[in-house]
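Asks: dropping a prediction and its sequence here:
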Amino acid sequence: MALPVAFLAVFFAYPVTAIVSRGLREDGAWRPGRVAEVLSDPGIGQVVWFTVWQAAASTLLTLFLALPGAWALARLDFPGRRLLRAVVTVPFVLPTVVAGSAFLALVGRGGLLDDLFGVRLDGTVWAILLAHVFFNYAVVVRTVGGMWEQVDPRQEEAARVLGAGRFTAWWRITLPALAPSVAAAALMVFLFTFTSFGAVLILGGPRLATLEVEIYRQTAQLLDLPTAAVLSIVQFAAVAVMLWVHARTVRRREAGLRLTGAVDPARPPRGVGQWLLLGWVLLVIGALLLLPPAVLVERSLSVPGGGWGLDHYRALFLDGGGTFPVAPMEAVGNSLRYAAVATVIAVVVGGLAAAALTRRAGRLVRGFDALLMLPLGTSAVTVGFGFLIALDAPPLDLRSSWMLVPIAQALVGVPFVVRVMLPVLRAVDDRLRQAAAVLGASPWRVWREVDLPLVRRALVLAAGFAFAVSMGEFGATVFIARPDAPTLPVAVARLLGRAGELTYGQAMALSTILMVVCATVLLALERIRPLRSGAF
């Protein structure tokens, strides 16, 4: 546990504490009264209420639309199943600013709905809810679908033979087994939507703001660190509670994993009902998950005056003009290099953390498990500004170092590595390790010859997810990436922030490249994904 704890302490706890303490101190003295002052503001109260309300609504809508997809991808065998499983995961690793812009093109002024039906949803909560479904559909499919694959269908069939109806057998047999997994998925979706930033910023307009958006506004626009610090504390406390509850539900789900066989239960669709449900799942995926990326591709290929071409892609190799001092295409190479380094860091730190959680038990270790998830729920704005404030003096003067970007990306990748590796490591029979130790094997040799062959596929899967997530990380990177070495998400955001049809087309072209990279990685992972691969 030593290395993961040290990594989180230096690159997460220290920067966050530094920026929060700076906001709550004045002339060297603490002012705890600022908490009451900020929270008593009616405007802040509305922000807190909207944050909770939209997160709850987004979670319910995501579960309603994604649970049929989890069942279809877990229990139905049809052509393109693996490809579809990878496709539904791509939105989860896309930068929020890219997806927000795509939905704006669909539901905003001059968008698809406006052209066809005269309907605009930008500036309403419905646009935010649909964008949240777009991002979190994969969370439910991966989390619940992974457990659904582990539930032996013969148990439900046995109940049917004994006289139970189809619904009764599902209600009495399958649902209790899935309940911890559904709860874990719901908590994760609520967590991600509670801390939503890019989608709300682009689609919500000035009237609708979550805590994350308000923290950004208070910090970057109004330079009001005290208010931002209080909001960060409120968000941090809420996230800590959610992660504590999530850790309990995950332990229940992983306990069930050891009781089931690793046999793929998928069968071809049978009957009108299964075919209709599969058709509904494909319709939802097409409308909510495939249409926004299709809009990005269309915008990247459209040329001024009508028609199609590669003009925007060719422009990526030209000078960046006033946006940044390098050609936009260099952002692709920067992102690949940064993501590769971040992946190595995330696999080492996350792998050691998962191994520690596997071998030990107790409240301290369970608290450590929840701590590993905190970077996903903490304000990316707070982390980014914390890096600039805290890591600017020896021996941690890293503001001018290129390593700052992959470190920030690795913070987001570590939780995914842990969540993928932990169930697989816990599924390894400890008697195999004990037998090897009795025969004289050292701890290192036990890991090399017993654990590694059994978890090798999951390790590659964890590395792939860490790489894809690092490629799309935006929240903290936007504050620390240097102008002459932007990442893909940062380059897209800067291009979208400048007026002009050419810069907008370049942003769409870079977004398309990012989608292709992520889709390729995820499709490759699907070919090696073991059945017991955790939530993702």
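Replies: Ah, there it is.
Asks: do a quick rundown of the helices in the stretch 251-400 of the chain.
Replies: If you assign secondary structure with DSSP state H, counting those that start in this stretch, the helices in the stretch 251-400 of the chain sit at 271-284, 291-301, 311-315, 330-359, 363-377, 380-390.
Asks: report pLDDT for the residue positioned nearest the centre of the chain.
Replies: The structure's the chain has its C-alpha centroid closest to F92; by Cα atoms, centre = their mean the separation is 5.3 Å. Per-residue confidence at F92 stands at 77 (pLDDT).
Asks: list the contacts for it?
Replies: Contact partners of F92, counting by Cβ atoms under 8 Å, 6 or more residues apart in numbering, are F135, N136, Y137, A138, V139. Placement of C-beta: from N, CA and C, glycine included.
Asks: ditto for A519
Replies: Contact analysis of A519 by Cβ under 8 Å, 6+ apart lists A86, V87, V90.
Asks: next, the buried residues of the helix or strand encompassing it.
Replies: Secondary structure from DSSP states H and E places A519 in helix 501-528. Burial within helix 501-528, assessed by neighbour count using 16 or more other Cβ atoms under 10 Å, is assigned to 503-515, 517-519, 521-523, 525-526.
Asks: now do stretch 456-465
Replies: Taking 16+ other Cβ under 10 Å as the basis for neighbour counts, the residues of stretch 456-465 that come out buried are R457, A458, L459, V460, L461, A462, A463, G464, F465.
Asks: one more: stretch 167-175?
Replies: Neighbour-count burial for stretch 167-175, with 16+ other Cβ under 10 Å as criterion, is recorded at A169, I173, T174.
Asks: now render these as TSV, adding pLDDT.
Replies: Formatted as TSV, the entries for those read as follows, by pLDDT from 0 to 100:
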residue	pLDDT
A169	76
I173	75
T174	74
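Asks: Throw those residues into CSV and include secondary structure and distance to L208, thanks.
Replies: Putting the buried residues of stretch 167-175 into CSV (DSSP: H, G, I helix; E, B strand; the rest coil; distance: Cβ to Cβ, whole Å) gives the following:
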residue, secondary structure, distance to L208
A169, helix, 44
I173, helix, 42
T174, helix, 38
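Asks: looking at these, which is nearest V383?
Replies: The shortest distance between V383 and any of those, using Cβ to Cβ, involves T174 and amounts to 40.0 Å.
Asks: make JSON lines out of the contacts of A519 and add neighbour count, secondary structure and distance to Q54.
Replies: Putting those into JSON lines (neighbours: other Cβ atoms under 10 Å; DSSP: H, G, I helix; E, B strand; the rest coil; distance: Cβ to Cβ, whole Å) gives the following:
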{"residue": "A86", "neighbour count": "20", "secondary structure": "helix", "distance to Q54": "29"}
{"residue": "V87", "neighbour count": "19", "secondary structure": "helix", "distance to Q54": "26"}
{"residue": "V90", "neighbour count": "24", "secondary structure": "helix", "distance to Q54": "24"}
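Asks: for L398, which non-adjacent residue is spatially closest?
Replies: In space, not counting the residues next to it along the chain, L398 is nearest to L391; the distance is 4.4 Å by Cβ to Cβ, 6 or more residues apart in numbering.
Asks: residues contacting the one you found?
Replies: L391 makes contacts with P15, D397, L398, R399, L404, as judged by Cβ under 8 Å, 6+ apart.
Asks: between which two of the residues you listed is the distance greatest?
Replies: Pairwise over the contacts of L391, using Cβ to Cβ, the maximum falls at P15 and D397, 13.4 Å.
Asks: tell me the span between the first and last residue of stretch 489-502.
Replies: Across its full length, stretch 489-502 reaches 17 Å between end residues, using Cα to Cα, to the nearest Å.
Asks: what mean pLDDT does it have?
Replies: When pLDDT is averaged over stretch 489-502, the result is 76.
Asks: in PyMOL, select just the buried ones from the contacts of L391.
Replies: If you want just the buried ones from those in PyMOL, going by 16+ other Cβ under 10 Å, the selection is:
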select buried, resi 15+398+404
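Asks: now do stretch 91-99: distance to the chain's middle.
Replies: 9 Å (Cα atoms, centre = their mean, to the nearest Å).
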